[in-house]
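Q: sequence first, then the predicted structure:
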Amino acid sequence: MRSLLRICALLLLLCLTSGWPLFAAAQTQSVRKPAPSATPAPQRTVLVMGDSLSAGYGLAAHQGWVALTAQKIAKETPGWRVVNASISGETTAGGAARIAAALQRHKPSVVVIELGANDGLRGLPLQQSRDNLERMIVAAQRAKAKVLLIGMRLPPNYGPDYTRGFERNFRDLAQRHKLALVPFLLEPIAMDRRAFQADQLHPTAAAQPKLRDHVWPALTPLLR
């Protein structure tokens, strides 16, 4: 009888011992954490550096063409955001001074440069304006951002040589650096006095969708 009890005890011990690795493995599998879900892709940024025409002078924050463009981008090309770093009264010198910090802060994939009008209205040297714009372009491209350059035109009272040279700056820079170009931001409304505020310089809220739609075809390819 004692021999039988010993054999039974030995068999029980053997079963318990041999089953332990399977039990331990099962326990290990049961406490494994599930694989983390995929992290959403970060939003890419369009950085707009302009003057009062892009800052929405005299308008509510949501009425300017840049804000309207941001709304259109959110609807049609999700995954992007728009940062409007435009300042009323900004010159190309101001933009050139700010571009490095703006690139560092926002890390944009696309940079829209809409500057030069205040240089022209003040009669600043054309080469100076060109050099400032080029500094901004080069800085943006070195930061691996695509660039959209938006140009401006001046009234004829500034003289034919100055006005032609002013327009040529934008064309030449776009060609030299292979940029997307909108030659004249105000082209859709330039001949309509009703499209401007009392100062006859800044577009009304009602005119802003036309500016958005004018810029959109040049901007869209850069969002791909």
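A: Ah, there it is. Residues are numbered from 1 along each chain as shown.
Q: run the chain-centre distance for stretch 150-157.
A: 26 Å (Cα atoms, centre = their mean, to the nearest Å).
Q: check which helix or strand Asp131 maps to.
A: Asp131 belongs to helix 126-142 when assigned by DSSP states H and E.
Q: low-confidence ranges in the chain?
A: Applying pLDDT under 70 to the chain flags the ranges 1-41.
Q: try it again at 90.
A: When residues are selected by pLDDT under 90, those of the chain lie in 1-42, 157.
Q: all helices of it, in order?
A: 2-30, 52-55, 65-76, 92-106, 117-121, 126-142, 160-177, 208-219 (DSSP state H).
Q: now the angle from the last one to helix 65-76?
A: Interaxial angle, helix 208-219 versus helix 65-76 (axes from the mean of the first three to the mean of the last three Cα atoms, to 10 degrees): 60 degrees.
Q: counting by contacts, list what helix 208-219 packs against.
A: helix 65-76, strand 110-114, strand 146-150, strand 180-182 (3 or more Cβ pairs under 8 Å, 6 or more residues apart in numbering; DSSP states H and E). Yep, even glycine has a C-beta here, placed from its N, CA and C like the rest.
Q: so which of those is the most packed in?
A: Across the helices and strands packed on helix 208-219, averaging neighbours per residue (mean count of other Cβ atoms under 10 Å) puts strand 110-114 on top, at a mean of 26.
Q: what sits against the residue nearest in space to the middle of the chain?
A: The centroid of the chain falls nearest to Val46 when counting by Cα atoms, centre = their mean (0.8 Å). Counting by Cβ atoms under 8 Å, 6 or more residues apart in numbering, Val46 touches 70, 73, 80-83, 108-112, 219, 223.
Q: how about those residues in TSV, adding distance to Gln63?
A: Formatted as TSV, those follow (distance: Cβ to Cβ, whole Å):
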residue	distance to Gln63
Ala70	12
Ile73	16
Trp80	21
Arg81	19
Val82	15
Val83	18
Pro108	23
Ser109	26
Val110	22
Val111	23
Val112	18
Leu219	19
Leu223	22
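Q: burial of the residue nearest to Pro155 when sequence neighbours are not counted, as a residue count?
A: Leaving aside its sequence neighbours, Pro155 sits nearest to Thr163 (Cβ to Cβ, 6 or more residues apart in numbering; 7.7 Å). Neighbour count of Thr163, defined by other Cβ atoms under 10 Å: 16.
Q: cool, and the one 10 residues further on?
A: Residues near Leu173, counting by other Cβ under 10 Å, number 20.
Q: would you check that it makes contact with Arg135?
A: No: assessed by Cβ atoms under 8 Å, Leu173 is found out of contact with Arg135, at 10.8 Å.
Q: and the longest strand for the protein?
A: Secondary structure of the chain per DSSP state E: the longest strand is strand 44-50.
Q: partner strands of that strand, parallel or antiparallel?
A: With DSSP bridges as the test, strand 44-50 is paired with strand 80-84 (parallel), strand 110-114 (parallel).
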